[in-house]
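Undergrad: Provide a 3D model corresponding to the input given below.
(2 chains, ligands or ions: 2)
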Amino acid sequence: MRIIAVVIRILRQFISDKRTMALMIVAPIIILTMLSLVFNGEDLELKLGVRNAPESIVEQMEKHANVKPIASDEPIESTLKNDYDAVIDFGNGAKKLYLEGSDPSINRAVINMVQSSSMGKNQEVDLEVSYLFGSNDMSSFDHFGPVLVGFFIFFFVFLIAGVSFLRERTQGTLERVLATPIKRWELVTGYVIGFGLFTMLQSAIIALYSIYVIDLMMEGAFLYVLLITLMLALSALTLGTLLSSFAKNELQMIQFIPLVVVPQIFFSGLFNLDTISNYLSWIGPLTPLYYGADALRSVMIKGQGLTDIWIDLLVLLGFSIVFMILNIYALKKHRRI
Amino acid sequence: MPKGAIEANVTKNYGKTTILDHVNLSLKRGEIFGLLGPSGSGKTTLVKLLCGIEEASEGEVKVLDTKMPNLSMMKKVGYMAQADALYGELTAYENLKFFATLSGVHRRDQKERIIEVMQLVNLENELQKNVEDFSGGMKRRLSLAIALLHNPDILLLDEPTVGIDPSLRQKIWWTFEKLRSNGVLILVTTHVMDEAERCSRLGMIQNGQLIAVGTPEELKKQTDSVTIEEAFLSFGGGGE
Ligand SMILES: Nc1ncnc2c1ncn2[C@@H]1O[C@H](COP(=O)(O)OP(=O)(O)O)[C@@H](O)[C@H]1O
Ligand SMILES: [Mg+2]
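TA: Residues are numbered from 1 along each chain as shown, chains lettered A, B, ... in the order given. Ligands and ions are numbered 1, 2, ... in the order given. Have a look, this model is predicted:
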């Protein structure tokens, strides 16, 4: 009953605060639209597997990429899944190029490299390209889109939930609420459900817009995208409310963004993970966006389903539960029981 | 009830400063206890300790023989904070409804109770107005209404009548007296001397120390004073 009262109150606050509601839905949409119009790719070190290749050609290609010969009986698909960007097969005269395919800037780079390290000008026509994931008409934005959808949902939910929980403290209502017999876990749960309901609407609108209006690549099921964004938003909301107990005012809440939210994007696959220094790469698995972005890419680009994303979803849920428990604990500062 | 409804013996420190120094209070049902003291003397801190949202550094607070903080005792206490703790973007009705559920007012009775308490503070026609459009005095009255919602046995009211005009203040005090005669314990903090005269007993607090406790008549007699204000000064209160 008390939980429901908190939920209803939060929803009423949203309805009467149209500006915040608009911020959470319209702002991500505007930013995603702008990014889709201006996005560009970038270069990086390629990792190629070669099969049945003549020595001379391997030497030639090693100037441009990290080349590894692979046995001809090894299945190409598993090699590609094993972190190779592409495999080139020189068997039976014709060259065949197999691309991992999910990153269009890599696709383009591989094709250019193979053609320019030209193994004889006359052979160029023989190149036969196939993709494990994605296709050749995939744009850069298709690759980054899922990460950005996840990021902006995370960003805005974190900010709004954090500020609103903080305001509860600064305007004295938290203290007043804790002077009633409500339990700390009831208050936190009410917050999570109230914001969760609103977040569901927000995620659905942003995901629908990204896929059907911006026309982001979408290979998998929409339902999974919703599920992932919801879990991601839940982790943002629980983290935001937790961190708000360490902020004195709205400005201090905003200071958490460059510290806690923005760095997550470096490890979320927007930048190639292989290029991140080993001193930092351990941070990635500690951030919710890492899992959210991975799951979104799996569904939207690779068309994968629950069997490939359930671990990501579970980890996100784990984050939320841990943040919630910590928040219930942090409220002890205001009332011991 | 042989023992007091509230028994407190507390010391409160914030860091190294002592805000309340061995304050010893015993409050009975059916009395209006006025807490009198200059600002910064520790009145608000004491009220928060009594309702369980702050805890003593030394000693303890017992409400109805139960050590605070305790959730089932919080159900019996109506608290009105010095600073209005209201949701500005919601209407008065939505605020009342929220706190009614939290304080355990049955769903069935909520509407009736809301109208009753809002009539007491003359706000029954402002139910649908957003609280951010309320004046300071109206917010005070709404906070008081919220404290009364669940018919608590104990009312802890921190400066309940600040910014409320005299005629309404009269009405609110009549309400207090009616509640008192029904056996409710009311503790109010106040600066206003004519309010102090209407209390059953007074506690005078100065620099975190309770310097005198007694009925207004007793306190005046002890110090040979005509007014409470004079009595307060002769107990050593007021000056720095
Ligand atoms: N959270 C706090 N931390 C440190 N000092 C505090 C805190 N709350 C109150 N004080 C100090 O305690 C003293 C008493 O404050 P308060 O109880 O609000 O007095 P009153 O209500 O009588 O005006 C003041 O000097 C105030 O600065
Ligand atoms: Mg005060």
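Undergrad: Just want the most central residue of the chain.
TA: Reading this off chain A. In chain A, the centroid-proximal residue (CA atoms, centre = their mean) is residue A:293; its distance is 1.8 Å.
Undergrad: that answer is for a different chain, and I need it for chain B
TA: Closest to where the C-alpha atoms of chain B average out (CA atoms, centre = their mean) is residue B:157, at 1.7 Å.
Undergrad: which parts of chain B sit against chain A?
TA: Within reach of chain A by CB under 8 Å from any CB of the partner chain, chain B has these residues: B:48, B:51-53, B:55, B:69-72, B:74-75, B:77, B:79, B:81, B:83-90, B:94, B:97-99, B:101-104, B:107, B:130. C-beta here means a position set from N, CA and C on the backbone, and glycine is covered the same way.
Undergrad: Can you select the buried ones among those for me in PyMOL?
TA: Those of these that count as buried under 16 or more other CB atoms under 10 Å in any protein chain shown are selected in PyMOL with:
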select buried, chain B and resi 48+51+52+53+69+70+74+77+79+81+84+85+86+87+88+89+90+94+97+98+99+101+102+103+104+130
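Undergrad: among the residues of chain B next to chain A, which are in strands?
TA: Among those, the residues falling in strands (DSSP state E) are B:77, B:79.
Undergrad: just the residues of chain B next to chain A that are near ligand 2?
TA: Among these, not one lies near ligand 2 by CB under 5 Å from the ion.
Undergrad: So which of the residues of chain B next to chain A sit within helices?
TA: With DSSP state H as the criterion, helices contain B:48, B:51, B:71, B:72, B:74, B:94, B:97, B:98, B:99, B:101, B:102, B:107 from among these.
Undergrad: Give the residue spans of the chain that score low on pLDDT.
TA: Here I'm looking at chain A. Across chain A, residues meeting the criterion (pLDDT under 70) sit at A:39-45, A:92-94, A:116-127, A:134-140, A:272-276.
Undergrad: look at chain B instead
TA: Along chain B, the parts satisfying pLDDT under 70 run over B:1-2, B:237-240.
Undergrad: Looking at it, which strand is longest?
TA: strand B:17-27.
Undergrad: And ligand 1, is it touching that?
TA: Yes. Applying CB under 6 Å from any ligand atom, one finds strand B:17-27 touching ligand 1 at residue B:19.
Undergrad: dump the residue contacts of residue B:179.
TA: Applying CB atoms under 8 Å, 6 or more residues apart in numbering or on different chains, we find residue B:179 in contact with B:155, B:186.
Undergrad: what do you get for residue A:48?
TA: Counting by CB under 8 Å, 6+ apart, residue A:48 touches A:61, A:65, A:66, A:67, A:68, A:84, A:85, A:86, A:87, A:88, A:110.
Undergrad: do the same with residue B:11
TA: B:18, B:20, B:21, B:22, B:23, B:56, B:57, B:58, B:59.
Undergrad: Provide the strand pairings for the longest strand of chain B, with the direction of each partner.
TA: Strand B:17-27 pairs in its sheet with strand B:6-14 (antiparallel), by DSSP bridges.
Undergrad: Of all the residues in the partner strand, which ones are buried?
TA: Of the residues in strand B:6-14, those buried (16+ other CB under 10 Å) are B:6, B:7, B:8, B:10, B:11, B:12.
Undergrad: now swap in stretch B:150-169 and tell me
TA: Applying 16+ other CB under 10 Å to stretch B:150-169 flags B:150-161, B:164, B:168-169 as buried.
Undergrad: Determine how far it lies from the middle of the whole chain.
TA: 7 Å (CA atoms, centre = their mean, to the nearest Å).
Undergrad: mind checking the longest helix of chain A?
TA: The helix spanning the most residues in chain A, taking DSSP H as the definition, is helix A:140-170.
Undergrad: For the helix or strand that it is followed by, which outside residues touch it?
TA: Under the assignment DSSP states H and E, the closest C-terminal helix or strand after helix A:140-170 is helix A:173-178. Contact with helix A:173-178 is made by A:168-169, A:184, A:187, A:331, A:334-335, B:48, B:53, B:79, B:81, B:85-87, B:99, B:102, as judged by CB under 8 Å, 6+ apart.
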